[in-house]
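Q: Quick one, fold the following:
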Amino acid sequence: HRFLAALQGRRESGELYAGREDRPANGAPLLGRGRPDLRRPRGHRHQGHQHDLGALVELAEKEGRPLRVYAGYDPRTADLHLGHTISMRKLRQFQDFGHDVTFLIGTFTSLIGDPSDKDKARDQLTAEQVEENARTYEEQAFKILDPEKTRVRRNDEWLSPLDFADIIRLASNFTVQQFLVRENFANRMESNQPIYLHEFFYALMQAYDAVAQEADVQVGGQDQLFNILVAGRKLQSGLGQKPQVAIIMGESLPGTDGSAKMSKSTGNHIPLMSEPWDMFGKVMSVPDEAMELFHKLVLGWQQDQLDEMQQGLESGKLHPNEVKMALAREIVKIFHGEEGSEAAQKRWDETFRSDGDGIPEDIPEKVLAESKRLVDILRDNKMVSSGKEAKNLANNDGIRVDGEKIDDIGMEITPDSLPIVVQVGKRKFLRLKSE
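A: Residues are numbered from 1 along each chain as shown. Reported below is the predicted structural model:
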């Protein structure tokens with residue numbers, strides 16, 4: 001009952017719960033106990049009345065088992081970000097009430113990439129790229145999830161062994177029309193942009209994830225509506241399982257621009273593995289109007305807390321910058337602890353709030369043994385990704401040496417000019433010194 005009450009409280013955030021049918025006695029087995037039968041006739045459906053999540057919890061209690069709950073995360077890049085923690089916190093809520101939670105790494109689905117919210121086909125990754133990206137996903141997930149209660153799986157376990165005949169059987173559960181009504185595909189059709197056949201396979205593969213795990217509940221964002229509600233539930237039903245309950249998170253966390261959804265592909269994300277000072281600075285760069293959503297979705301504030309904050313801002317009792325700094329401290333504390341949070345605040349104060357030179361004390365140092373162009377120093381130390389980025393930054397007063405703006409990124413830095421401090425943007429610093 002406490003679990004149901006907690007879930008009911010979260011409905012205010014706009015989460016969508018899709019019901020499911022009763023579990024059949026002859027449901028397809030969970031992977032590891034046998035492979036789901038892909039030859040089940042498409043017309044086969046289990047009869048039963050629809051249950052919401054609350055009824056499903058009560059049914060599982062009667063059966064003496066926890067719910068099987070999962071969410072999938074594709075390692076298209078090496079970073080999970082704050083936006084991913086919204087669904088992770090929902091998984092943690094299930095964990096805290098004793099349910100069986102799987103953190104699924106999309107090692108096979110990543111090869112294609114989810115086209116759900118994309119207006120063009122995504123680049124295909126190699127298996128080696130995916131493996132490298134996935135290397136730290138467990139460590140990142142355990143910033144939120146309980147490592148002792150989390151099953152970590154990779155969907156290449158069950159997707160890789162499928163042969164072409166299996167794919168045909170799975171695909172026979174769907175029509176092309178079902179895929180073409182998706183908004184992003186419909187938009188591409190209207191604008192005469194290509195839709196590649198392999199993009200249809202993504203939803204099919206994600207649907208099979210639910211079948212292979214015999215999932216009771218899948219958690220996902222709004223961009224996953226089709227993959228979870230249509231593809232996943234339909235394939236489970238077609239293969240003799242009862243369709244999972246879908247929990248679609250009602251709001252998306254905006255990125256550092258304050259408007260577009262936080263996304264690795266758009267570069268407006270705040271990685272979970274950011275250094276404390278970098279995470280702090282990125283939160284501080286978020287526009288004031290997005291602060292409420294960050295408090296709500298990342299810190300889990302309830303409506304009364306949000307109302308109190310808003311009233312304080314409107315009355316002038318609270319200053320937006322102070323509120324945002326408190327937000328940044330709390331977020332950094334979640335991922336780097338109290339010490340990391342305090343250090344990040346100290347560095348921010350040294351850079352932006354002190355009467356000194358604005359250079360933090362604890363910046364990286366590098367020995368420069370021979371003369372080198374400034375642009376090469378920036379690239380070698382990963383302060384910029386390319387000479388083009390360095391040039392653009394210089395043109396916008398984004399590169400400084402000892403506090404002085406630099407226009408010529410080709411200037412030579414010699415050992416006899418050291419020590420100096422190179423600064424890129426507001427948060428990247430490097431102290432160069434001689435041997």
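Q: What is the burial count for Glu389?
A: 16 (other C-beta atoms under 10 Å). For glycine as for every other residue, the C-beta is placed from the backbone atoms N, C-alpha and C.
Q: how about the helices in the stretch 51-200 of the chain?
A: 53-63, 85-96, 127-134, 137-141, 156-159, 164-171, 176-180, 183-190, 197-213 (DSSP state H, counting those that start in this stretch).
Q: and the first one, which residues are buried?
A: Within helix 53-63, the residues that qualify as buried are 53, 55-57, 59-60, counting by 16 or more other C-beta atoms under 10 Å.
Q: Nearest to Tyr196 among those?
A: Set against Tyr196, the nearest of those by C-beta to C-beta is Leu53 (35.8 Å).
Q: circling back: just put the helices of the stretch 51-200 of the chain in JSON lines and tack on mean pLDDT and distance to Val245.
A: Below are the helices of the stretch 51-200 of the chain laid out as JSON lines (pLDDT from 0 to 100; distance: least, C-beta to C-beta, whole Å):
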{"stretch": "helix 53-63", "mean pLDDT": "84", "distance to Val245": "5"}
{"stretch": "helix 85-96", "mean pLDDT": "94", "distance to Val245": "11"}
{"stretch": "helix 127-134", "mean pLDDT": "88", "distance to Val245": "27"}
{"stretch": "helix 137-141", "mean pLDDT": "93", "distance to Val245": "22"}
{"stretch": "helix 156-159", "mean pLDDT": "94", "distance to Val245": "21"}
{"stretch": "helix 164-171", "mean pLDDT": "92", "distance to Val245": "22"}
{"stretch": "helix 176-180", "mean pLDDT": "86", "distance to Val245": "21"}
{"stretch": "helix 183-190", "mean pLDDT": "82", "distance to Val245": "23"}
{"stretch": "helix 197-213", "mean pLDDT": "90", "distance to Val245": "11"}
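Q: mind checking how far stretch 105-115 is from the chain centre?
A: Counting by C-alpha atoms, centre = their mean, to the nearest Å, stretch 105-115 is centred 14 Å from the centre of its parent chain.
Q: nope, stretch 153-172 is what I was after
A: With C-alpha atoms, centre = their mean as the basis, stretch 153-172 stands 25 Å off its chain's centre.
Q: Return the alpha-carbon coordinates of it using PDB.
A: The C-alpha trace of stretch 153-172 is given here as PDB (Å, rounded to 0.1, in the frame of the first residue of the first chain):
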ATOM      1  CA  ARG A 153      22.000  -6.900 -18.800                       C
ATOM      2  CA  ARG A 154      23.000  -6.200 -22.300                       C
ATOM      3  CA  ASN A 155      20.500  -6.700 -25.100                       C
ATOM      4  CA  ASP A 156      23.100  -8.300 -27.500                       C
ATOM      5  CA  GLU A 157      22.500 -11.400 -25.300                       C
ATOM      6  CA  TRP A 158      19.300 -12.100 -27.000                       C
ATOM      7  CA  LEU A 159      19.300 -10.000 -30.100                       C
ATOM      8  CA  SER A 160      22.600 -11.100 -31.500                       C
ATOM      9  CA  PRO A 161      21.600 -14.800 -31.800                       C
ATOM     10  CA  LEU A 162      18.400 -14.100 -33.800                       C
ATOM     11  CA  ASP A 163      18.600 -15.300 -37.400                       C
ATOM     12  CA  PHE A 164      16.900 -13.800 -40.500                       C
ATOM     13  CA  ALA A 165      14.000 -16.300 -40.100                       C
ATOM     14  CA  ASP A 166      13.500 -15.000 -36.600                       C
ATOM     15  CA  ILE A 167      13.400 -11.400 -37.800                       C
ATOM     16  CA  ILE A 168      10.700 -12.200 -40.300                       C
ATOM     17  CA  ARG A 169       8.600 -13.900 -37.700                       C
ATOM     18  CA  LEU A 170       8.900 -11.000 -35.400                       C
ATOM     19  CA  ALA A 171       8.200  -8.500 -38.100                       C
ATOM     20  CA  SER A 172       5.100 -10.300 -39.100                       C
END
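Q: wait, what's in contact with the closest residue to Arg154 other than its chain neighbours?
A: Among residues not flanking Arg154 along the chain, Thr107 sits closest, at 4.3 Å (C-beta to C-beta, 6 or more residues apart in numbering). By C-beta atoms under 8 Å, 6 or more residues apart in numbering, Thr107 lies in contact with 75, 130-131, 134, 154-156.
Q: out of those, which are buried?
A: 75, 130, 134, 154-156.
Q: okay, the residues you listed in TSV with distance to Asn227 next?
A: Formatted as TSV, the buried ones among the contacts of Thr107 follow (distance: C-beta to C-beta, whole Å):
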residue	distance to Asn227
Pro75	17
Val130	19
Ala134	20
Arg154	18
Asn155	13
Asp156	18
